[in-house]
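S.K.: Have a look; sequence and predicted model below, questions after that.
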Amino acid sequence: MKTSRIARRSSRLLPGLCALALPLAGWCASSSPKAEQIERGRYLVRVGGCNDCHTPGYGASGGKVPERQWLTGDTLGYSGPWGTTYAANLRRQAAEMTQRQWLAMAQHQPMRPPMPWTSLQAMAPRDLAAVYQYLRWLGPQGDAAPRYLPPGTPPSGPAVVFPAPAGS
């Protein structure tokens with residue numbers, strides 16, 4: 001039995017439409033492995049608390065920041081005995097790295113507080129890859145976060161200040 005030209009075209013277009021409709025979860029009955037990986041990355045970002053620091057205004061709004069603004073870094077500093085750190089713009093960072101570089105950074109690079117880098121390093125490589133694919137799917141947006149400030153250098157903008165541990 002011959003298939004019509006319309007049926008052949010539809011079968012080629014449907015996977016692309018499903019990938020574009022990903023934010024409308026459940027719209028497509030079946031999705032591609034890449035779409036599933038992106039959805040897994042979105043899930044991990046949500047349950048991992050990545051938006052808490054890496055998305056401006058996320059906590060103050062009760063998580064009501066549009067997804068298109070997620071993970072663009074923040075100018076709120078986290079200041080303590082280690083100096084002052086800022087939550088990186090993960091979307092720009094992922095856009096400038098290969099997946100292999102992203103995995104190496106996430107699995108092996110120690111980071112400064114309050115980043116829970118030990119939790120990041122405990123993630124399975126397939127989950128780190130899903131987060132990377134999700135960041136790439138979101139695309140680069142926003143500016144780079146301010147640079148790290150060494151101990152003794154006061155932040156010029158707003159900062160959460162962590163006191164030195166007792167006895168130090």
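M.R.: Yep, that arrived.
S.K.: what ranges do the helices span in this structure?
M.R.: Taking DSSP state H as the criterion, the chain contains helices spanning 5-20, 33-47, 50-54, 90-95, 99-108, 117-122, 125-138.
S.K.: which one of the ones you listed lies closest to F162?
M.R.: Between F162 and those, the tightest spacing by C-beta to C-beta is seen for helix 50-54, at 13.4 Å. Where you see a C-beta, it was placed from the backbone N, CA and C, and this is true even at glycine.
S.K.: how far does the closest one sit from the chain's center?
M.R.: When C-alpha coordinates are averaged (C-alpha atoms, centre = their mean, to the nearest Å), helix 50-54 and its chain have centres 8 Å apart.
S.K.: Next one: S30, what pLDDT does it get?
M.R.: At S30 the predicted local distance difference test score is 53.
S.K.: List the contacts of A104.
M.R.: Residues touching A104, when contacts are defined by C-beta atoms under 8 Å, 6 or more residues apart in numbering, are absent altogether.
S.K.: Pull up the gap between it and L128, please.
M.R.: If you measure A104 against L128 using C-beta to C-beta, to the nearest Å, the figure is 10 Å.
S.K.: got it, and V65?
M.R.: Here the criterion is C-beta to C-beta. By it, V65 lies 23 Å from L128.
S.K.: Same list (the helices of the chain) but as TSV, adding distance to A166 and mean pLDDT.
M.R.: Compiled in TSV, those are given as follows (distance: least, C-beta to C-beta, whole Å; pLDDT from 0 to 100):
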stretch	distance to A166	mean pLDDT
helix 5-20	53	45
helix 33-47	33	96
helix 50-54	25	97
helix 90-95	34	98
helix 99-108	32	96
helix 117-122	22	92
helix 125-138	35	98
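S.K.: so what's the nearest residue in space to L128 that is not next to it in sequence up against?
M.R.: For L128, ignoring the flanking residues on the chain, the nearest one in space by C-beta to C-beta, 6 or more residues apart in numbering is A106 at 4.9 Å. Shown in contact with A106 (C-beta under 8 Å, 6+ apart): L120, Q121, M123, L128.
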